[in-house]
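Peer 1: return a 3D structure for these sequence lines:
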Amino acid sequence: MPEDLLLASLCRHVGQTVTIFTTSGGISGSGFTGTLAGIGNDGVVRLITGIGAPPACPVGSCCSGPIGSCGCNFNFTACGSWLGSITQIPICKIASFTHNAIN
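Peer 2: Got it, this is the predicted structure:
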């Protein structure tokens with residue numbers, strides 16, 4: 001598939017869940033599934049492959065402690081929060097992608 005057609009098709013599915021298969025081998029050749037976040041001018045497709053956790057204490061009562069508490073030490077995994085993940089795939093390495101038939 002010519003790259004322009006691939007990009008046009010990908011653009012129609014921004015915000016939707018897709019699986020992108022790459023020309024690489026190993027586990028990465030099995031595809032990456034996530035929400036298509038966007039297609040950059042830098043030739044990279046970005047998928048949100050993991051959503052971060054909600055705030056542990058949105059009211060602030062347990063986050064306002066001294067340095068070293070979960071709110072101040074930036075050791076996010078120790079406090080149980082998670083920032084999520086983005087997978088960046090070079091467009092030139094995409095072999096194919098799948099999406100839902102109904103948009």
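Peer 1: could you use CA atoms for every contact and neighbour count after this?
Peer 2: Noted.
Peer 1: contact partners of the lowest-mean-pLDDT helix or strand in the chain?
Peer 2: Lowest by mean pLDDT, DSSP states H and E among the helices and strands of the chain is helix 3-11, with a mean of 85. Under the contact criterion Cα atoms under 8 Å, 6 or more residues apart in numbering, helix 3-11 has outside partners Gly38, Ile39, Ile91, Cys92.
Peer 1: which single one of these is nearest to Ile102?
Peer 2: Gly38 (19.7 Å; Cα to Cα).
Peer 1: partners of the closest residue to that closest one other than its chain neighbours in the sheet?
Peer 2: Nearest residue to Gly38, sequence neighbours excluded (Cα to Cα, 6 or more residues apart in numbering): Arg46, at 5.5 Å. Legend: beta-bridge partners of Arg46 under DSSP bridges are Gly38, Gln88.
Peer 1: picking that back up, which of the contacts of helix 3-11 sits closest to Ile20?
Peer 2: Of all the contacts of helix 3-11, Ile20 sits closest to Ile91, with 10.1 Å by Cα to Cα.
Peer 1: OK, contacts around that closest one?
Peer 2: Counting by Cα under 8 Å, 6+ apart, Ile91 makes contact with Glu3, Gly43, Val44, Val45.
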